[in-house]
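J.: Could you look at this predicted model? Sequence included:
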Amino acid sequence: MNALFASVRYLKGVGPRREKLLQRLGIRDVYDLLWHIPRSYIDRTETVKIRNLPVGEVASITGVIETVRTSVSSRRITVIKAIVRDDSGVIPVVWFNQDYLKNVLKPGLQIFVRGKVNPGYGQAEMWAYDYDLIDKDKTAAEPGIDPVYPSTEGISQKVWRQIIRNALEEYAGIYPEIAPPGTKEKLGLLPARQAFWGIHFPARWEQQELSRRTLAFEELLLLQLAIRREHQSLRDPQVKGVKNIERDDLVSRVVRGLKFSLTGAQKRVIAEIFRDMEDERPMNRLIQGDVGSGKTIVAALAMAKAVSSGYQAALMAPTEILALQHYKTLKQVYPPDVRVEVLTGSITAKRRDEILTATAEGWNHILVGTHALIQENVVFKKLGLAVIDEQHRFGVSQRALLGQKGFRPDVLVMSATPIPRTLALTIYGDLDISTIDELPPGRLPVKTLALRESGRDKAYRFLLKQVKQGRQGYVVCPLIEESEKQDLTDATALYQRLQAGIFRDHTVGLLHGRMKPAEKDRVIEDFRRGKIDVLVSTTVVEVGVDIPNATVMIVESAERFGLSQLHQLRGRVGRGAEQAYCILLGNPRTDVGLERLKVMERTNDGFEIANEDLRLRGPGDIWGLKQHGLSELKLTNLWKDSDLLHITRDIAAQSVSLPDENRAIQQLLNKKYPPTENIAAN
Ligand code: ADP
Ligand code: MG
């Protein structure tokens with residue numbers, strides 16, 4: 001076993017008690033410790049004399065704590081005020097709501113503080129952002145850059161620095177280089193060993209940045225190799241899969257029965273899919289299409305082709321609501337001789353057994369469901385096509401598992417989270433990509449308005465007006481229960497308020513994640529049938545729900561959502577011929593927050609929105625990308641490092657020594673991306 005993966009317990013300075021504390025942060029072995037990246041740094045190279053502190057700006061000082069006082073403000077905020085002195089003067093330094101500091105900040109201690117200098121009343125004071133107690137034994141008052149680690153109670157920054165230093169001294173040297181020899185030098189990157197030192201204990205900022213970029217390269221390369229490993233079995237050019245050759249006119253019967261004609265983009269994408277399906281090589285295709293572009297019918301036709309060719313098809317959706325909706329759509333578009341079943345949590349055990357038997361015996365043609373479809377007891381007689389809707393909600397391994405339900409079936413994945421092409425290629429490995437870049441005719445772009453919360457009454461009066469004209473609307477709230485800390489609007493309370501108040505002459509419905517599947521289905525069905533006028537919901541409606549008569553989407557606390565998520569939510573309206581509206585209520589506290597809502601007002605283009613999201617928040621935060629290992633990236637800034645994304649992808653693709661044959665790569669992969677990892681949806 002590689003010593004990198006030895007338990008932290010054996011590291012100098014750790015022991016059983018600290019081992020437990022470290023485990024709380026998910027740190028088990030030395031590898032984890034090396035990758036425990038500082039959350040910030042304290043730069044003591046640029047301290048200012050207290051007398052010279054610039055009012056209104058952020059600056060750093062070092063001095064001695066004279067007194068410490070704790071008080072509680074009228075708004076129940078704990079205020080800790082320490083008087084700090086250096087040889088030029090004194091200043092009060094203030095911390096808010098960090099009670100535990102009472103026991104940390106003591107008179108006589110030397111302290112470094114970085115913070116904002118506020119004019120205060122009469123005397124300037126500093127609001128602390130970061131602080132560091134200076135160790136008297138060491139000459140730490142000497143200027144330098146110190147790491148500040150994400151921590152848990154019981155481990156001080158001083159201890160962190162010590163154990164990480166120990167880990168670096170003993171183990172940084174054995175961290176394997178997985179890039180082909182010479183690659184990193186050519187890119188101007190550092191050996192891994194130096195990069196770990198440079199990220200934890202940089203002497204200069206340039207060194208920190210180069211180390212960050214080097215480690216970004218390391219983690220991207222590993223991610224690319226992981227993706228490659230996932231796709232390998234599916235993409236072996238030698239592998240022969242299912243050849244779907246239609247035996248009857250089912251597909252054209254379905255097309256003829258549609259209430260609309262297919263858009264040019266739908267036809268093109270269907271042709272691409274059909275070509276893949278007729279080929280012996282297994283299909284692995286991603287359909288990207290903005291919300292409302294009509295992906296479902298494309299999937300329905302692909303499944304009809306599989307059935308017509310004598311195979312079965314499976315359709316996996318991320319939520320029960322969506323699975324049921326698909327089931328109903330399919331029942332509608334297929335003639336009665338196509339047998340479709342849906343597996344949900346709300347059917348009886350007896351019914352479930354019947355469906356499973358019918359599917360195993362090949363009597364049932366198409367099985368729709370949630371990730372329940374990948375469970376062991378679901379067996380197909382002849383699975384020819386596996387379709388995964390809203391792919392971004394599933395993990396790569398879930399796709400692989402569904403694929404394993406047949407003998408190398410064709411695989412079609414659909415996603416409405418449009419992402420920049422480089423990212424798509426990374427996330428989806430070597431999937432072929434088709435794009436539905438056209439909306440059905442007659443769709444009016446949704447009009448979007450971001451309002452401050454003071455505009456709430458206006459928003460609901462507008463919704464009322466629409467309801468009186470026979471339209472319906474959604475109101476989406478971030479959480480289902482009132483949280484004391486954050487005053488999020490609670491769905492249940494809002495539902496009651498609206499029903500008793502402005503909508504007392506209409507019907508308001510409530511939908512949230514804690515309801516039983518059958519209840520959810522009933523509510524959605526009532527909404528679909530128009531028995532409910534206004535549906536108050538948590539984000540359970542965010543993907544896929546298709547109710548064309550709904551024309552208004554109000555989002556409460558909109559600043560709490562990601563842009564792509566807001567785009568998905570907005571996609572619930574504007575699905576019919578009527579003009580639709582989206583009202584985003586919220587009081588963003590930051591400029592970025594404000595800018596994000598402005599982006600929503602400005603554009604309806606999902607690609608542009610995804611790009612903005614990436615620019616404003618970074619990929620880890622982009623909703624929907626969590627499941628793809630991107631959120632595992634600790635040091636990559638996909639904006640700054642987009643070149644590394646290409647480069648590592650090429651290296652992974654060309655890497656002659658496949659992961660299996662390179663022990664070091666295999667060990668790192670197994671550690672970071674365990675092969676059996678099965679990420680649940682939702
Ligand atoms: P998404 O791509 O978001 O999954 P859906 O497949 O749910 O979109 O389709 C959105 C709506 O558009 C549905 O009501 C569907 O019946 C309708 N639709 C799909 N294709 C067309 C078309 N070519 N013309 C008119 N309406 C269409
Ligand atoms: Mg859909």
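T.: Everything's here; your move. Because the structure is a prediction, the values reported are computed rather than measured. Ligands and ions are numbered 1, 2, ... in the order given.

J.: count of neighbours near the closest residue in space to Glu177 that isn't next to it in sequence?
T.: In this structure, Glu177 finds its nearest non-sequential neighbour in Ala192, 6.0 Å apart by CB to CB, 6 or more residues apart in numbering. The C-beta positions use only the backbone N, C-alpha and C, and glycine is treated the same way. Around Ala192 there are 23 other residues, counting by other CB atoms under 10 Å.

J.: same thing with the one 3 residues further on?
T.: Here the number of neighbours of Ala195 (other CB under 10 Å) works out to 26.

J.: give me every residue that touches it.
T.: Residues counted as contacts of Ala195 (CB atoms under 8 Å, 6 or more residues apart in numbering) are 189, 210-211, 214-215, 218.

J.: And what about it, helix, strand or coil?
T.: helix (DSSP: H, G, I helix; E, B strand; the rest coil).

J.: I'd like to know which elements the longest helix anywhere in the chain is packed against.
T.: Taking DSSP state H as the criterion, the chain has its longest helix at helix 205-235. Counting by 3 or more CB pairs under 8 Å, 6 or more residues apart in numbering; DSSP states H and E, the packing neighbours recorded for helix 205-235 are helix 183-187, helix 192-200, strand 284-289, helix 396-403, helix 421-427, helix 642-654, helix 663-672.

J.: Enumerate the residues of the stretch 451-600 of the chain near ligand 1.
T.: Selection of the stretch 451-600 of the chain residues close to ligand 1 by CB under 6 Å from any ligand atom yields 544, 546, 548, 575.

J.: most surrounded residue in those?
T.: Busiest of these [other CB under 10 Å] is Gly544, holding 24 neighbours.

J.: Now do the residue lying closest to that one once chain neighbours are set aside, the pLDDT please.
T.: Counting by CB to CB, 6+ apart, the nearest residue to Gly544 once its immediate chain neighbours are dropped is Leu322, at 4.1 Å. What the model reports as pLDDT for Leu322 is 90.

J.: Quick check: phi and psi on Leu322?
T.: phi -70, psi -40 (degrees, to the nearest 10).

J.: quick one: contacts for it?
T.: Taking CB under 8 Å, 6+ apart, we find Leu322 in contact with 389-390, 543-545.

J.: Would you quantify the distance from it to ligand 1?
T.: 9 Å (CB to the nearest ligand atom, to the nearest Å).

J.: what's the answer for Phe274, then?
T.: Phe274 is 17 Å from ligand 1, by CB to the nearest ligand atom.

J.: Name the nearest residue to that residue, ignoring sequence neighbours.
T.: Setting aside the residues directly before and after it, Phe274 is nearest to Lys305 in space (CB to CB, 6+ apart), at 6.3 Å.

J.: Just say helix, strand or coil for the one you found.
T.: Put simply, Lys305 is helix when judged by three-state DSSP.

J.: Is there a neighbour count for it? I'd like the number.
T.: Neighbourhood size, Lys305 [other CB under 10 Å]: 25.

J.: wait, it sits on Asn244?
T.: Yes - counting by CB atoms under 8 Å, Asn244 is a contact partner of Lys305 at 5.6 Å.

J.: Would you double-check that Ser252 falls in a helix?
T.: Yes - checked against three-state DSSP, Ser252 lies within a helix.

J.: And the pLDDT at it?
T.: Among the per-residue scores, Ser252 shows a pLDDT of 96.

J.: Same question for Leu133.
T.: Per-residue confidence (pLDDT) for Leu133: 81.

J.: Surely it and Val104 touch.
T.: Yes - if you go by CB under 8 Å, Leu133 and Val104 touch, sitting 7.4 Å apart.

J.: could you give the mean pLDDT of stretch 579-588?
T.: 93.

J.: Find the helix or strand that the closest residue in space to Arg9 that isn't next to it in sequence is a member of.
T.: Take Arg9 and drop its neighbours on the chain: the residue closest to it by CB to CB, 6+ apart is Glu19, 4.5 Å away. Following DSSP states H and E, one finds Glu19 within helix 15-24.

J.: For that helix, what is the distance to the chain centroid?
T.: Averaging C-alpha positions (CA atoms, centre = their mean, to the nearest Å) puts helix 15-24 29 Å from its chain's average.

J.: Tell me the helix or strand right after that helix.
T.: Immediately after helix 15-24, counting by DSSP H and E, sits helix 30-34.

J.: Show me which positions of that next one end up buried.
T.: 30-34 (16 or more other CB atoms under 10 Å).

J.: Closest to His567 out of the residues you listed?
T.: Closest approach to His567 among the buried residues of helix 30-34 (CB to CB): Asp32, at 35.4 Å.

J.: From ligand 1, how far out is the spatially closest residue to the closest one that is not a sequence neighbour?
T.: Excluding the flanking residues, the one nearest Asp32 by CB to CB, 6+ apart is Gly26, at 6.7 Å. Gly26 sits 36 Å away from ligand 1, going by CB to the nearest ligand atom.

J.: what's the answer for Glu556, then?
T.: Glu556 is 23 Å from ligand 1, by CB to the nearest ligand atom.

J.: Please verify my assumption that Gly264 contacts Glu438.
T.: Yes - Gly264 lies in contact with Glu438 (CB under 8 Å); the separation is 6.1 Å.

J.: Tell me the pLDDT of Arg275.
T.: So, for Arg275, pLDDT stands at 95.

J.: Show me which positions of the helix or strand where it lies end up buried.
T.: Per DSSP H and E, Arg275 falls inside helix 264-278. Of the residues in helix 264-278, 265-266, 268-270, 272-274, 276-278 count as buried by neighbour count, 16+ other CB under 10 Å.

J.: ends of stretch 188-208, how far apart?
T.: Counting by CA to CA, to the nearest Å, you get 14 Å between the two ends of stretch 188-208.
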